[in-house]
Structure formats: structure tokens, C-alpha cells
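Trainee: Next comes the sequence, and after it the predicted model I'd like to discuss.
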Amino acid sequence: MPSLFESQVTRPLADRLRPAKLDEVVGQGHLFGDDGPITRMIKTGRVPSVILWGPPGCGKTTLARLMADVADMAFEPLSAIFSGVADLRKVFERARGRRATGGATLLFIDEIHRFNKAQQDSFLPYVEDGTITLIGATTENPSFELNAALLSRCQVLVLKRLDDQGLEELLVRAEKEMGFELPLTSEARETLRAMADGDGRYLLNLAEELFSMPPSDDGPLGVAELARTVQKRMPIYDKGDDSHYNLISALHKSIRGSDPDAALYWFNRMLAGGEDPKFVARRLTRMAVEDIGLADPQAQQFCIGAWESYERLGSPEGELALAQAVIYLALAPKSNAGYSAYKKSLKIARETGSLMPPAHILNAPTKLMKDIGYGTGYAYDHDQEDGFSGQNYFPDGMRRQNFYEPVERGFERDLKKRVEYFDRLRQDRQQKRPKD
């Protein structure tokens, strides 16, 4: 029962609108459909240990509480930020006591990825013997942040950021709770949802700020007035977390897919999130090497030039040079033939160990080396009529390899003709060369 002082404190709107039943959860229909994992749990009445992975404000904590209610389990919440081993021991002790009297415990760990390996390992025996059912919430990719042993004992459920429809549903519920509509034009209302960036809790905090405004005779707020009234949420982007890798992957694949518009979008998403433009410049240069290669030999230099331009101009003009590099790479002919040739040749080089070059291409700076055959029989290519001897340059006894296979795109189309030309000459020389 709340105390006299607690009853006088107004609960935040987001807390008042927290779903009381599973069917009130917004934006996670993939978990609650006819064959959804949450639906199956409800039907069986059994809640297994689960990791809830999703962005902030998508309902992870609420979902854990409701799952405990459905399964008639005691709910024990902890935060990995503020809790340690001593707190865990107390929960395990209470859970053992409940189990002795036929009760069950659901232990909810918020930000579970912040626990170290030893702390994560401490859950294992209690999960295995059924003392607790563990539900962990994380904004980070569990594959990278959680122990394999813990992951193997938990089902991972992916929660999605709230879409526009889900955010609007929350606003309608908020208006019903408050008893009046938000003082916004339809365009400003749409902008408000965009400001939340998929975070339902943040949206309700913004709405609460607007509900608290005194009535105005000037009518509803437009987009400009809204922007001056509330603070836009910064994009979810941490240079050390999963979103960092997701966005650079999206940029890379958009460029590889020759889509300059999508590439520019992801490029600017990264910059808006606070990414270091020099990191982007480095990745663009890598894309030029890996995905364009010799199909456009200028792409690499274009990227290095853009990188240098950024370092000399600084922001904001320097970002334009990088944006032009993004466009150039997206529209350049693509080839990974050089990259593939490098990987294949590296593999063979490692496998063949210390094979010596053939004697005829070894230098012979001493008389002894000449006496044992170093350099004997070497054909100086410039002395040949067409500048090509066709000699073997692989180790003796090693089959000739074909690593580089240029594509029929861009400059590599010309290189392909050269490769085929030299192949023909090499075969012709081998046929004319006297047999030993």
C-alpha cells in the first residue's frame, strides 16, 4: 500500500500507461501471433529462460513482468548496472525458499550484457535446476555480449523498435488517459512520432511535456513550434555497440549494390549519430579496394583524395568530399576479382610452405651460385620479339595456378583481354619449347 507521501506524487505518464495484460503490448505482433513464441508459452503455461533483445523503449521490462504474471511466478527485478554478486545471492536464496514451498521465481536482469563472465556463469546452476527462470533484457547483440553457456540455456526473443502505427497507438492511449488531445497539427503530430525514433517510453515523455503546457490561444503547435518546445531524441547510435556495425554494414552493402541514394542515407545516419568521419573515410577506401578493385583503378585514389580533403577542410565542408566518394563508389563498376585472387593466392602460399623459386629466376651474385645453376636458362623478356618469354615462375613441381579472373566490367574488361592474350602466348611458347 503506498504511503501518504507516495500517493501525492504523480506517476509518470509512461508508467501509468504500462500494459497490464499481454494483449496491450504495442508493436510486437511477431511475438504474439497465432504461432508466436509468447503465444505458445501462454498456451502451455510454461515460461522458459529467455533473453529479450531489442532497442530502448520497446517494452522489454514490461513484457518480463507480464510473463511472470501469466506463469504465476514471483518477479525479482535487478539491474546489471546497479547490482552485484551479493544481490544475486539474496535473490537465489529467496528463490530456493519459494521453491521449497512450491513457488516459482522469475529473475529479470535489465542490461544483462553488463554483467561480466563470472556473474553470468553464476546463473547457470540455478537455471539448470529450476530454482529460477531467467529473463534478461539487452540492447546489445547477445551473440557477442553473452556467454555461450548462458545463451545455450535461453531462448532469444527479438523485440522491434516501435513503428509509426505503434507510436500513434501510444499517443491515442495517452490522450485517453489525460482526457484531452495533444495540441498539435497533424504534421506536428507526425513529427513528434519521428522524434521518438521508435522509442515508446521517450514518446510518452515528450507527450507528457506537451500535456503540461498551459492552453494557448494561438491554436495547435505546428512543426516549427514543436521543435522549439521539445528536444529531439538523438539517433540510437553508439560507436562501440551493435548499431555501429549494423549501419556500416548497411552503407557497405548499399555501395556494393550500386545504390547511391541508400548509401547516402546510411552515410548520413552514421554522421548524425556522431560517427567519426575519418572512420567512414577509411571504410570507403576499403570498399574501393574490396568491391571495385581494378574495375575502376581510380576509385581507391578518389577515396584517399576525399579522405585528405576532409582532413584539410574539416567540418562541415569536408563531409561533402566524403559524400561524393560515396556516390562515386556506388556508381563505379564492381569487381572483387583482385580481392578473391589475393585470398586464393594467400591460401596456396601458406599451404606450400617453403618451396624455392625455380633456379632460372634466382639471382647469382657469386660464382658458387652460378656453378649450381642459379640463373641458368633465364630468358630476359625485353629481349623477346613481343616482350614475353612465357617461362614458368612458379616453384618447380607446382602446378600453375590461375588466381586472378577479371570480370567483364569497367577497366577489368581490358585487363581480361590482356590476361587472355598472355595465356595464349604462354601456351604457344610451351608448345614450341623443346622437351627435356
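Mentor: Happy to help now that I have it.
Trainee: the domain parsing of this protein - what is it?
Mentor: As assigned by automatic domain parsing, the chain contains the domains 28-158, 164-229, 242-331, 358-432.
Trainee: Burial check on the closest residue to L167 other than its chain neighbours, number of neighbours?
Mentor: Take L167 and drop its neighbours on the chain: the residue closest to it by CB to CB, 6 or more residues apart in numbering is R193, 4.4 Å away. C-betas here are computed from N, CA, C, even on glycine. A count of neighbours around R193, defined by other CB atoms under 10 Å, yields 20.
Trainee: Now do the contacts for R193.
Mentor: 164, 167-168, 171, 203 (CB atoms under 8 Å, 6 or more residues apart in numbering).
Trainee: how much space is there between it and T229?
Mentor: 15 Å (CB to CB, to the nearest Å).
Trainee: now do A272
Mentor: For A272, the distance to T229 - CB to CB - is 21 Å.
Trainee: These two: which is more packed in?
Mentor: A count of neighbours by other CB under 10 Å puts T229 above the other of A272 and T229, at 16 against 11.
Trainee: Tell me what the residue nearest to that one when sequence neighbours are not counted is bridged to.
Mentor: Once flanking residues are discounted, T229 sits nearest to L221: 6.5 Å by CB to CB, 6+ apart. Following DSSP bridges, L221 is listed with bridge partners L184.
Trainee: Please give me every residue in contact with L221.
Mentor: L221 neighbours (CB under 8 Å, 6+ apart): 183-185, 188, 210, 229.
Trainee: measure it to M178 for me?
Mentor: For L221, the distance to M178 equals 16 Å [CB to CB].
Trainee: How about G375?
Mentor: Separation of G375 from M178 (CB to CB): 91 Å.
Trainee: in stretch 330-350, what's buried?
Mentor: By 16 or more other CB atoms under 10 Å, the buried positions in stretch 330-350 come out as 330, 332-338, 341-342.
Trainee: wait, isn't T138 in contact with W53?
Mentor: Yes. T138 lies in contact with W53 (CB atoms under 8 Å); the separation is 5.5 Å.
Trainee: could you redo the domains of the chain as CSV and give each row mean pLDDT and distance to R16?
Mentor: Below are those laid out as CSV (pLDDT from 0 to 100; distance: least, CB to CB, whole Å):
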stretch, mean pLDDT, distance to R16
domain 28-158, 89, 13
domain 164-229, 89, 6
domain 242-331, 92, 30
domain 358-432, 87, 60
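Trainee: can you put these in TSV and add distance to P12?
Mentor: TSV is the format used below for these (distance: least, CB to CB, whole Å):
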stretch	distance to P12
domain 28-158	13
domain 164-229	7
domain 242-331	26
domain 358-432	58
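Trainee: Any idea which of those gets closest to E351?
Mentor: For the domains of the chain, proximity to E351 was assessed by CB to CB; domain 358-432 is nearest, at 10.5 Å.
Trainee: gap between the closest one and the chain center?
Mentor: 45 Å (CA atoms, centre = their mean, to the nearest Å).
Trainee: Could you tell me the end-to-end distance of that domain?
Mentor: 20 Å (CA to CA, to the nearest Å).
Trainee: same deal with stretch 288-303?
Mentor: For stretch 288-303, the first-to-last residue distance is 7 Å (CA to CA).
Trainee: List the buried residues of that stretch.
Mentor: Going by neighbour count (16+ other CB under 10 Å), the buried part of stretch 288-303 is 288-297, 299-300, 302-303.
Trainee: who's in contact with it?
Mentor: So stretch 288-303 is contacted by 252, 255-256, 281, 284-285, 287, 325, 328-329, 332-339, 406-407, 409-412, 415 (CB under 8 Å, 6+ apart).
Trainee: does the residue nearest to L167 count as helix, strand or coil?
Mentor: Here R193 is helix, with the state taken from DSSP: H, G, I helix; E, B strand; the rest coil.
Trainee: can you tell me how far it sits from E175?
Mentor: 14 Å.
Trainee: Quick check: the gap between the residue nearest to T229 and A194.
Mentor: 15 Å.
Trainee: and what of L368?
Mentor: Relative to A194, and taking CB to CB, L368 is found at 79 Å.
Trainee: got it, and A118?
Mentor: Here A118 is placed at a distance of 42 Å from A194 (CB to CB).
Trainee: higher neighbour count, these two?
Mentor: Neighbours were counted for A118 and for A194 using other CB under 10 Å; A194 has more, 13 against 9.
Trainee: residue contacts, that one?
Mentor: For A194, no contacting residues are found, by CB under 8 Å, 6+ apart.
Trainee: ok so S335 is a helix residue?
Mentor: No. Counting by three-state DSSP, S335 is not found in a helix; it is coil.
Trainee: Need the nearest residue in space to it, chain neighbours excluded.
Mentor: Nearest non-adjacent residue to S335 (CB to CB, 6+ apart): A295, at 3.7 Å.
Trainee: cool, and F123?
Mentor: The shortest distance from F123 to any non-neighbouring residue, by CB to CB, 6+ apart, is to L134 (5.6 Å).
Trainee: Report whether the expected contact of the one you found with V127 is present.
Mentor: Yes. At 5.3 Å, L134 and V127 qualify as touching, with contact defined as CB under 8 Å.
Trainee: Now the common contact residues for those two.
Mentor: Counting by CB under 8 Å, 6+ apart, the contacts common to L134 and V127 are 49, 154.
Trainee: So the two - more neighbours on which side?
Mentor: Each of L134 and V127 has its neighbours counted (other CB under 10 Å); L134 has more, 21 against 18.
Trainee: Quick one: residues contacting that one.
Mentor: By CB under 8 Å, 6+ apart, the contact set of L134 is 49-50, 106-107, 109, 123, 126-127, 154.
Trainee: cool, and F211?
Mentor: With CB under 8 Å, 6+ apart, F211 has these contacts: 13, 174, 178, 180, 182.
Trainee: May I ask which two of the residues you listed are separated the most?
Mentor: L13 and F180 (13.1 Å).
Trainee: Have a look at the two and say which one is more surrounded.
Mentor: Set L13 next to F180 and count neighbours by other CB under 10 Å: L13 wins out with 21 against 9.
Trainee: ok, that one - contacts?
Mentor: 174, 177-178, 204-205, 207-208, 211.
Trainee: ok, of those residues, which one's closest to L247?
Mentor: The closest of the contacts of L13 to L247 turns out to be N205 (CB to CB; 25.2 Å).
Trainee: Find the residue closest to that closest one in space, skipping its chain neighbours.
Mentor: A14 (6.2 Å).
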